[in-house]
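> need a structure here:
(one chain, ligands or ions: 1)
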Amino acid sequence: MKAIVLREYGPPDVLRYEEVPDPVPRDGEIRIRVHAATVNRVLDVSLRAGHEQYRGPVLPLILGVDCAGVVDAVGPHVGRWRVGDRVAAAGVMPLETCAEDGSGYKGPQGMMGIKRPGGFAELVAVPACAAVALPERLDFHRAAVILRHVPTAWNLLMHVAELKRGETVLIMGAGGNLGSIGIQIAKNVIGARVIAAAGSDERVQLGRKLGADFGINYGTQNIRDEILRITGGRGIDVLYDNIANPAVLPLAFLALGMDGRLVTAGAHAGPNVEINFSHLYHKRITIKGRPGYTPADLPDCLAAAAEGKIVPQIERVLPLSRAAEAHRLVESHEGQGKIVLDPTLG
Ligand SMILES: NC(=O)c1ccc[n+]([C@@H]2O[C@H](COP(=O)([O-])OP(=O)(O)OC[C@H]3O[C@@H](n4cnc5c(N)ncnc54)[C@H](OP(=O)(O)O)[C@@H]3O)[C@@H](O)[C@H]2O)c1
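Presented below is the predicted three-dimensional model:
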């Protein structure tokens, strides 16, 4: 099969489109014929570039932290899946989840594309318990993006922030992946009042288009003053961050109202941010970090997408062989939306 293999850290050109042996599904695994895999700023691009904190993986490695496609082969002791099933898989593949589904999976755990071969390939083997069935109405490209971002955003807003209908939430990085998804979950699934904030008018407009009630450009406006104006001085109930921009987050934090909650699963523009502890205790604020997701939410996330309540922002779909170009596009920080690689296109 063809795959994108990382043999050394470096610029996008180190990504090689190579012929490698087909993976053979082990006990408790399925093999997926990949139709879509997403390209990510931290997990793929920073890892490939060899940034110090991402140098854990053992090379050579097939990149790609998710995939959507069709079950192509089934290993021993897999009861749930049949060849031809439409599935997606992503993220951490914990043995505890696998233990519950009775598949007896005892193979390697950890994220695909980091600890085990990933989805930038024509074929990938994953634990059967890590796969999720795709609704008929969801195509592979959208499904891969949904699985990559929606469960994390869903977990943060639903379970960590416990955002309620009618509450006001500030979504930072409104034009980004977790931001654009967060707006739609907060508005279309929970029924909250949504303020979309971003560093450009274009990205604020995207947030408004996705359903946000208000928009703030924190590149040109004082985010604290704007929030207090919008909320009549009350402040926001939830601050959904995921960026840790030291120039913006401290001010936004000061607009959290009584019993406010700051939630986050990312810090790519930080990680160090100044926090006003006086405001923290006076307003009884909680700050919670929570990467990952709750596996039980996956069917709800996919159903919300199939119903059109959550529309992923896809900038471009490229053949797998153009992975280096995809990495350059993500690094350029110019686009709006996700780059998806499709190995069936070459
Ligand atoms: N499954 C997931 O999605 C998941 C799970 C766990 C953790 N995360 C983490 O969550 C974070 C957000 O992920 P994402 O995919 O939503 O990110 P993203 O779309 O690539 O970026 C989000 C926003 O961050 C701002 N930004 C980007 N680069 C920046 C820089 N160098 N300096 C300052 N601001 C910058 C941009 O907004 P403005 O310019 O408009 O401010 C951008 O729209 C990442 O750190 C990621 O690792 C994601």
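
> How about the residues of the stretch 1-150 of the chain by the ligand?
Arg41, Val42, Arg148, His149 (C-beta under 6 Å from any ligand atom). Any C-beta I mention is one placed from the backbone N, CA and C, and that applies to glycine too.

> Of these, keep whichever come out buried.
Among those, those classed as buried by 16 or more other C-beta atoms under 10 Å are Arg148, His149.

> Show me the residues of the stretch 1-150 of the chain next to the ligand that map onto helices.
Among these, the members found in helices (DSSP state H) are Arg148, His149.

> any chance of the residues of the stretch 1-150 of the chain next to the ligand in JSON lines, plus pLDDT and distance to Asn276?
Shown next, in JSON lines, are those (pLDDT from 0 to 100; distance: C-beta to C-beta, whole Å):
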{"residue": "Arg41", "pLDDT": "85", "distance to Asn276": "29"}
{"residue": "Val42", "pLDDT": "80", "distance to Asn276": "28"}
{"residue": "Arg148", "pLDDT": "92", "distance to Asn276": "33"}
{"residue": "His149", "pLDDT": "92", "distance to Asn276": "30"}
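
> Which residue does the stretch 101-250 of the chain have closest to the ligand?
Using C-beta to the nearest ligand atom, the single residue of the stretch 101-250 of the chain nearest to the ligand is Gly176, 2.6 Å away.

> Just give the number of residues close to that residue.
Gly176 has 26 neighbours, counted by other C-beta atoms under 10 Å.

> Tell me who's in contact with it.
Ala198, Arg203, Asn242, Ile243 (C-beta atoms under 8 Å, 6 or more residues apart in numbering).

> ok, and the most crowded of these?
Ala198 (27 neighbours).

> Leaving out chain neighbours, which residue sits closest to it?
Leaving aside its sequence neighbours, Ala198 sits nearest to Ala174 (C-beta to C-beta, 6 or more residues apart in numbering; 4.3 Å).

> That neighbour reaches Ser200, doesn't it?
No: using C-beta atoms under 8 Å, Ala174 is not in contact with Ser200, being 9.8 Å away.

> Tell me who's in contact with Val20.
Met1, Lys2, Ala3, Val5, Ile62, Ala121.

> nope, Val74 is what I was after
If you count contacts by C-beta under 8 Å, 6+ apart, then Val74 has Pro25, Ile30, Arg31, Trp81, Arg82, Val83, Ala128 around it.

> where's it relative to Val83, distance?
Using C-beta to C-beta, to the nearest Å, one gets 6 Å for the distance from Val74 to Val83.

> Ile146: which element?
Take DSSP states H and E as the rule and Ile146 turns out to sit in helix 140-154.

> okay, the contacts of Val74 in a markdown table with neighbour count and secondary structure next?
Formatted as a markdown table, the contacts of Val74 follow (neighbours: other C-beta atoms under 10 Å; DSSP: H, G, I helix; E, B strand; the rest coil):
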| residue | neighbour count | secondary structure |
| --- | --- | --- |
| Pro25 | 23 | coil |
| Ile30 | 27 | strand |
| Arg31 | 22 | strand |
| Trp81 | 19 | coil |
| Arg82 | 10 | coil |
| Val83 | 12 | coil |
| Ala128 | 26 | helix |
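
> What is the strand or helix carrying Ala3 packed up against?
In the assignment (DSSP H and E), Ala3 maps to strand 2-6. Secondary-structure packing of strand 2-6 (3 or more C-beta pairs under 8 Å, 6 or more residues apart in numbering; DSSP states H and E): strand 15-19, strand 61-62.
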